[in-house]
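In: Predicted model and sequence below, questions to follow.
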Amino acid sequence: MNSYEHLLPPSWKTQIIVWLAEDTPSFDYGGYVVGEAEREAFLFGKGNEPAVLAGVPFFTEIFHQLECQVEWHFKEGETFQPVKHVATVRGKARHLLIGERIALNLLARCSGIATKSKRIKDLATEYGYKGIIAGTRKTTPGFRLVEKYGMIVGGIDPHRHDLSSMIMLKDNHIWSCGSITAAIQQARSVGGFSLLLDVEVSSEAEADEAIDAGADIVMLDNMEGDQLMSVARKLKEKWAGKRKFLFESSGSITEANLHQRVINDIDILSTSAVHQSVQHIDFSLKIQVPK
């Protein structure tokens, strides 16, 4: 099985240089106290519930840039029960402490996103949903790569990564152009054949127009329950054999109301609940006392 690390772009390691520079912009006073004696530190996964380990390449590279070695005792994507000895980090005491907080913060958030993603996907499967669970682009500026990575490790679709990776036309695009059809035509004229086109609509009539104009994905935004089911089924029957498209549902999807949204006529459920306000996983790094 390929490592998730193989997904990462060549430029990803340069971001870690920025994180380290931000956290130690001048003198390292605590590092002066501990010096450069060789030490061993244990990474513990804590908390109260099972968690998915995610963010391994980032954690490892932080310490690699500080001339430390990381030995993992769990594989990325595995679920561990707290409290577990997840990894061992070896290096100079000063370097271990320089990397500690950056590495723990990153691992905590990435693992939190992976854990939440897996939980929502498993819950949807339990409810009988056969479609795609996806995240959204409501990510933290400068931290998107890590957050999207956590979604993938958690087993869901990361959705589009940026404005260039898929054309998405939302209400403001449509209002600016005057109509759904006009917005789609303009987008197609510059986006070409290689980009999918996702259009947000708020009614059955708008969905019908988007399909007719050639949308690949129609987002039925903020529709729920009987309305969502009725619109999706009616339009799929109407356009069967005439147009190929997917229905996406988005807007306020949570674990609590997921059972109302898992309709198999909807191909994609996209939610920011897997990464916004997500509960971080508690990790600690403890330097071991020499024997």
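Out: Done, it's in.
In: tell me which residues of the lengthiest helix in the chain are tucked away?
Out: Ranked by residue count, the top helix of the chain under DSSP state H comes out as helix 93-126. For helix 93-126, a neighbour-count test (16 or more other C-beta atoms under 10 Å) marks 93-100, 102-104, 106-121, 124 as buried. Using the backbone N, CA and C atoms, a C-beta is placed for each residue, glycine as well.
In: ranges for the helices of the stretch 101-250 of the chain?
Out: Along the stretch 101-250 of the chain, counting by DSSP state H, counting those that start in this stretch, helices occupy 144-153, 171-177, 180-191, 204-213, 225-239.
In: now Glu22, what's its secondary structure?
Out: Taking DSSP: H, G, I helix; E, B strand; the rest coil as the rule, one finds Glu22 in the helix state.
In: what domains does the record give for the protein?
Out: As assigned by the TED database, the chain contains the domains 4-115+278-287, 157-270.
In: export these to JSON lines and tack on mean pLDDT and distance to Leu145?
Out: Output for the domains of the chain, formatted as JSON lines (pLDDT from 0 to 100; distance: least, C-beta to C-beta, whole Å):
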{"stretch": "domain 4-115+278-287", "mean pLDDT": "96", "distance to Leu145": "6"}
{"stretch": "domain 157-270", "mean pLDDT": "92", "distance to Leu145": "8"}
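In: Quick one: closest of those to Gly131.
Out: The closest of those to Gly131 is domain 157-270. By C-beta to C-beta, the value is 4.9 Å.
In: Make TSV from the helices of the stretch 101-250 of the chain and add distance to Ala273 and mean neighbour count to it.
Out: Putting the helices of the stretch 101-250 of the chain into TSV (distance: least, C-beta to C-beta, whole Å; neighbours: other C-beta atoms under 10 Å) gives the following:
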stretch	distance to Ala273	mean neighbour count
helix 144-153	11	22
helix 171-177	21	14
helix 180-191	28	16
helix 204-213	24	19
helix 225-239	17	15
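In: Could you dump these into TSV with distance to Trp19 added?
Out: TSV is the format used below for the helices of the stretch 101-250 of the chain (distance: least, C-beta to C-beta, whole Å):
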stretch	distance to Trp19
helix 144-153	10
helix 171-177	33
helix 180-191	34
helix 204-213	41
helix 225-239	42
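In: that older thread, of all the domains of the chain, which one is nearest Glu147?
Out: Among the domains of the chain, domain 4-115+278-287 comes nearest to Glu147, with 5.8 Å by C-beta to C-beta.
In: Centre of the chain to that closest one, how far?
Out: Its chain's C-alpha centre and that of domain 4-115+278-287 lie 19 Å apart, by C-alpha atoms, centre = their mean, to the nearest Å.
In: and the end-to-end length of that domain?
Out: By C-alpha to C-alpha, to the nearest Å, the extent of domain 4-115+278-287 from end to end equals 28 Å.
In: same deal with stretch 20-33?
Out: Taking C-alpha to C-alpha, the first and last residues of stretch 20-33 lie 19 Å apart.
In: Now it: buried residues?
Out: In stretch 20-33, counting by 16+ other C-beta under 10 Å, buried: 20, 31.
In: residues making contact with it?
Out: The contact list for stretch 20-33, computed with C-beta atoms under 8 Å, 6 or more residues apart in numbering, reads 62, 65-66, 94, 97-99, 101-102.
In: Tabulate the residues you listed (CSV), appending distance to Ser26.
Out: Formatted as CSV, the contacts of stretch 20-33 follow (distance: C-beta to C-beta, whole Å):
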residue, distance to Ser26
Ile62, 20
Gln65, 18
Leu66, 17
Arg94, 15
Leu97, 16
Ile98, 13
Gly99, 17
Arg101, 16
Ile102, 16
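In: Fine by me, we can end here.
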